[in-house]
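# With the input below, show me the fold.
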Amino acid sequence: MRNTWDFYSTERIVFGNGAIGQLDSILQRLKAKNILLVTDPGIKNAGIVDRISSLLEHANYETVIYDQVVPEPPVDSAIDCYEFAKSQMDIDAVIGLGGGSSIDMAKIVALLVAHGGHPLDYYGGENQVPGPIAPLVAIPTTAGTGSEVTSVAVLTDVENNLKVGISDNYLRPTVALLDPELTLGLPAYVTACSGIDALSHAIEAYTAKPSAYIQAEGNILFQGSIPISDALAYRAIELIAKNLPLAVQQGSNLEARSNMLMGSLLAGMSFSNAGTAAAHALAYPIGGLVKSPHGEVTGLLLPYVMEYNAAVETEKMVRISQAFNVNSDGLSDKEAALAASKAVLTLLGEIGLPTKLTEIGIKEEDIPEIAEKTLQIDRLIRNNPRMPTQHSLEELLRKAL
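Numbering: from 1, shown residues only. This is a model prediction of the structure:
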């Protein structure tokens, strides 16, 4: 039994409409002059990169822009970004601008700037980063991954057809700068995928096995459900359940966008301490087999994992159904708990995302390998309130086919 828990967070969070105007004062406090801006072509085409770079230019920063980040970035692309930056100047600080992929890439580059080596040198367990990374300002343009406050960076190991995560509290950005106005141009599909990812983070953190009963020794990053993460996760669930359909259907609704960005932030703060569980563990091998965005995969799996866990984590599932305003009059606790998974399944339909694995290209013959690889992701599987087995995971996946 584990007797103590820790709570870590990003050093500074700046949130609000127009918050991007504080970037200069943030960089001044970091004593940075030579800046690497890491982003993707979509953010550049949307004009957001020009907006940020003009702020930096006006304040006389030397800035190098890497705008070639792709979704679910391969390991080799992180090396390309690092080598590009190193060839231009000595980097004082890194800015990650965009969705989770851009911010994760910025984390890896900030790690390599500080410690060198290869990204996979730091993969293979938690707490592999030897010390603080280069100063990093994370500016999300999506409400989804929570990467601006998390301790994880995910890349794609193309050779092994698998997503790999580097996990260490040193990876948390120095500053999370969240401006809801930057999310206004986000397409409906991207809004849906990123928003359901945030909901997956919140629900899996909230329903994670209690920290005291996590079977692991020593200092672990994902430590199970704790009181602070529970409070943050539940508020995130409430915000996302109420605002995600609105943000998808009314992309210019700034209040809905702001609430989604806050929900994503709170979910990130929660799951980066409590951890995620079976839905995310299953998403890693599935993500290696299909081209669907990470959020779409985790969101699709989420209601089936919730149903799988409902008998073990009944009380919290009942509270989740309440966050979705499910009318539980006349329902037993078990029925109300199962109603939570049905509410998430309904939400997927409302925001236009797939609800079956066959829709994203998974076949019956893929199931045994997916289950086998999932069970090897111990840091997530040990968090699941119900202990998965090869057989029970295969059953779960067949329900989701």
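# now the strands: where do they sit in the stretch 1-150 of the chain?
Secondary structure of the stretch 1-150 of the chain (DSSP state E, counting those that start in this stretch): strands located at 12-15, 34-38, 62-66, 93-98, 136-140.
# Let me know the angle separating the second one from strand 62-66.
For strand 34-38 against strand 62-66, the angle between stretch directions is 20 degrees (axes from the mean of the first three to the mean of the last three CA atoms, to 10 degrees).
# what do you get for the fourth one?
Relative orientation of strand 93-98 with respect to strand 62-66: 40 degrees, computed using the same axes, to 10 degrees.
# hmm, back to that, so can I have a markdown table of the strands of the stretch 1-150 of the chain showing mean pLDDT?
Formatted as a markdown table, the entries for those read as follows, by pLDDT from 0 to 100:
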| stretch | mean pLDDT |
| --- | --- |
| strand 12-15 | 98 |
| strand 34-38 | 95 |
| strand 62-66 | 93 |
| strand 93-98 | 96 |
| strand 136-140 | 97 |
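# Take those and lay them out in CSV including distance to V158 and mean neighbour count.
Yep, even glycine has a C-beta here, placed from its N, CA and C like the rest. Supplementary listing: the strands of the stretch 1-150 of the chain in CSV, determined by distance: least, CB to CB, whole Å; neighbours: other CB atoms under 10 Å:
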stretch, distance to V158, mean neighbour count
strand 12-15, 34, 16
strand 34-38, 20, 25
strand 62-66, 20, 18
strand 93-98, 21, 29
strand 136-140, 25, 29
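# Dump those into CSV; add distance to L55 as well.
As requested, the strands of the stretch 1-150 of the chain are exported to CSV (distance: least, CB to CB, whole Å):
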stretch, distance to L55
strand 12-15, 14
strand 34-38, 11
strand 62-66, 10
strand 93-98, 11
strand 136-140, 11
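# contacts for stretch 154-164?
The set of residues external to stretch 154-164 that reach it, using CB atoms under 8 Å, 6 or more residues apart in numbering, is 72-76, 78, 100, 104, 108, 119-120, 123, 165-166, 283-285, 287-289, 294, 373.
# Recalculate using a threshold of 10 Å.
Residues from elsewhere that reach stretch 154-164, judged by CB atoms under 10 Å, 6 or more residues apart in numbering: 70-78, 100-101, 104-105, 107-108, 119-120, 122-124, 145, 147, 153, 165-167, 280, 283-289, 294, 297, 373, 376-377.
# Please pick the buried ones from those.
Burial by neighbour count, judged by 16 or more other CB atoms under 10 Å, picks out 71-73, 75, 77-78, 100-101, 104-105, 107-108, 119, 122-123, 145, 147, 153, 165-167, 280, 283-289, 294, 297, 373, 377 from the contacts of stretch 154-164.
# So which of these belong to helices?
Using DSSP state H, 75, 77-78, 100-101, 104-105, 107-108, 280, 283-289, 294, 297, 373 are the members of these that sit in helices.
# Show me where the stretch 151-300 of the chain has its strands.
Shown for the stretch 151-300 of the chain, the strands assigned by DSSP E, counting those that start in this stretch span residues 152-157, 162-167, 175-178.
# tell me, what residue is most central in the chain?
Residue closest to the mean C-alpha point of the chain, counted by CA atoms, centre = their mean, is T145 at 2.8 Å.
# my guess is that residue contacts K107, does it?
No. The pair formed by T145 and K107 falls short of the contact definition of CB atoms under 10 Å, at 11.3 Å.
# quick one: common contacting residues for those two?
152, 154.
# Against E181, how distant is P41?
Relative to E181, P41 is positioned 21 Å away (CB to CB, to the nearest Å).
# got the buried residues for the helix or strand containing E335?
Remark: E335 resides in helix 333-350, with elements defined by DSSP states H and E. Taking 16+ other CB under 10 Å as the basis for neighbour counts, the residues of helix 333-350 that come out buried are 336-341, 343-345, 347-348.
# So K316 is in contact with P385, correct?
Yes. Between K316 and P385 a contact is recorded at 8.6 Å, counting by CB under 10 Å.
# which residues do those two both contact?
Listed as contacting both K316 and P385 by CB under 10 Å, 6+ apart are 207-208, 225, 309-310.
# Just flag the most distant two among these.
For the shared contacts of K316 and P385, with distances taken as CB to CB, the pair at the greatest spread is S225 and A310 (15.8 Å).
# so where's the stretch 251-400 of the chain shaky on pLDDT?
Along the stretch 251-400 of the chain, no part satisfies pLDDT under 70.
# hang on, the earlier thing: pLDDT value on the residue nearest to the centre of the chain, please?
According to the predicted model, the pLDDT of T145 comes to 89.
# what's near enough to touch it?
T145 makes contacts with 99-104, 152, 154, 194, 197-198, 201, 264, 267-268, 294-295, as judged by CB under 10 Å, 6+ apart.
# repeat that for 6 Å
Taking CB atoms under 6 Å, 6 or more residues apart in numbering, we find T145 in contact with G100.
# Roughly how far does it sit from H280?
T145 sits at a distance of 12 Å from H280 (criterion: CB to CB).
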